[in-house]
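> Turn this into a model:
(one chain, ligands or ions: 1)
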Amino acid sequence: MTDAAVPDDLLARIRRFHEHTFPGVQEQFQTLITEGQHPTILFIGCSDSRLVPYMLTGMGPGELFLVRNVGAFVPPYDGSAGFHGTSAAIEFAVLNLKVSRIIVCGHSHCGGIRALYEEVHPQAKNLSAWLELGREAVLPVQVTEEALRRTEQRAVVLQLERLMGYPMVRTQVEAGLMTLHGWHYVIEDGEIHVFDVNSGQFIPASVASHSGHGPYVEHLSEPMFNEIDSAYNTHSTP
Ligand SMILES: [Zn+2]
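Below is the predicted model of the structure:
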């Protein structure tokens, strides 16, 4: 039973949205219903409450097709029926919504990545299986904050590579119609570090010349590679 003396903060918050926030954006949502949603970005992010995709991209309703899970992991494409919410979202975003960008966004102090180095609760069978999607990123070193940051970044690249295993993603990327973006969000700095495939490094957005290259470029034909290369004005490989 709810104690009537305890104010229901959650109820107050959803009422506040309906009464005060929604009137200001009602027209925008009505348009998104009339014209449908046409997001151009699939954002695959960690479920961490400190990672706030709309805030850090400055985007709003209708602009991000969002899927989140522990670790921002991408399951392998195996073509068989299964209950993989993230895989279903990828297929829907690419085949139905025809997004042109896929962002995989990990972050600093990720509990999912840290869990790769720790014992998982014995009842967490699904979590335990899920974490295997990041296993290859684990480093054979003592767990330090530095090692965790590196593992978080390695995990992002691993997911980008796995994305290329989805035929509808690979086709679009190879045709030059889609780009993959690997991001590592550093919570304490409020800055995204973008993966640069040419240097193999994550570069702070403040000094980066593009918003993130996945390992897809190796799959592109040379002319397309050059085109994308110049379009993004990437760092040249030394
Ligand atoms: Zn996380």
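> mind checking the end-to-end distance for stretch 78-96?
As for stretch 78-96, its first-to-last residue distance stands at 19 Å under the measure Cα to Cα, to the nearest Å.
> What residues of that stretch count as buried?
Neighbour counts over stretch 78-96 (16 or more other Cβ atoms under 10 Å) mark H84, T86, S87, A89, I90, E91, A93, V94 as buried. From N, CA and C alone the C-beta is placed, and that goes for glycine too.
> what's in contact with the helix or strand where the second one lies?
According to DSSP states H and E, T86 maps onto helix 85-95. Residues lying outside helix 85-95 but in contact with it, judged by Cβ atoms under 8 Å, 6 or more residues apart in numbering, are 39, 42, 44, 65, 67, 69, 73-75, 77, 99, 102, 163, 166, 168-169, 172, 178.
> Type out the ChimeraX command that picks the buried ones from these.
Only the buried entries of the contacts of helix 85-95 go into this ChimeraX selection, using 16+ other Cβ under 10 Å:
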select :39,42,44,65,67,69,73,74,75,77,99,102,163,166,169,172,178
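> Can you pull the phi/psi pair for the nearest residue to F22 once chain neighbours are set aside?
Nearest non-adjacent residue to F22, counting by Cβ to Cβ, 6 or more residues apart in numbering: F29, 7.9 Å away. With angles defined as degrees, to the nearest 10, F29 sits at phi -70, psi -40.
> cool, and Q26?
For Q26, the backbone dihedrals (degrees, to the nearest 10) come out as phi -60, psi -40.
> could you measure it against the ion, distance?
34 Å (Cβ to the ion, to the nearest Å).
> quick one: that residue from H18, how far?
Q26 is 10 Å from H18, where distance means Cβ to Cβ, to the nearest Å.
> now do L180
37 Å.
> between the two, which one's more packed in?
Taking neighbours as other Cβ atoms under 10 Å, L180 and H18 compare with L180 leading, 25 against 10.
> what sits opposite that one in the beta ladder?
Listed by DSSP bridges, the beta-bridge partners for L180 are I102.
> these two touch, right, I44 and I102?
Yes: the pair I44 / I102 is scored as a contact, 6.8 Å apart, by Cβ atoms under 8 Å.
> For A208, which residues are in contact?
Counted by Cβ under 8 Å, 6+ apart, A208 has contacts H193, V194, D196.
> Which of those residues sits closest to the ion?
H193 (14.8 Å; Cβ to the ion).
> residue contacts, the residue lying closest to the closest one once chain neighbours are set aside?
Spatial nearest neighbour of H193, excluding adjacent residues (Cβ to Cβ, 6+ apart): F202 at 3.9 Å. Listed by Cβ under 8 Å, 6+ apart, the contact set of F202 reads Q153, V156, G182, H184, H193, V194, F195, D196.
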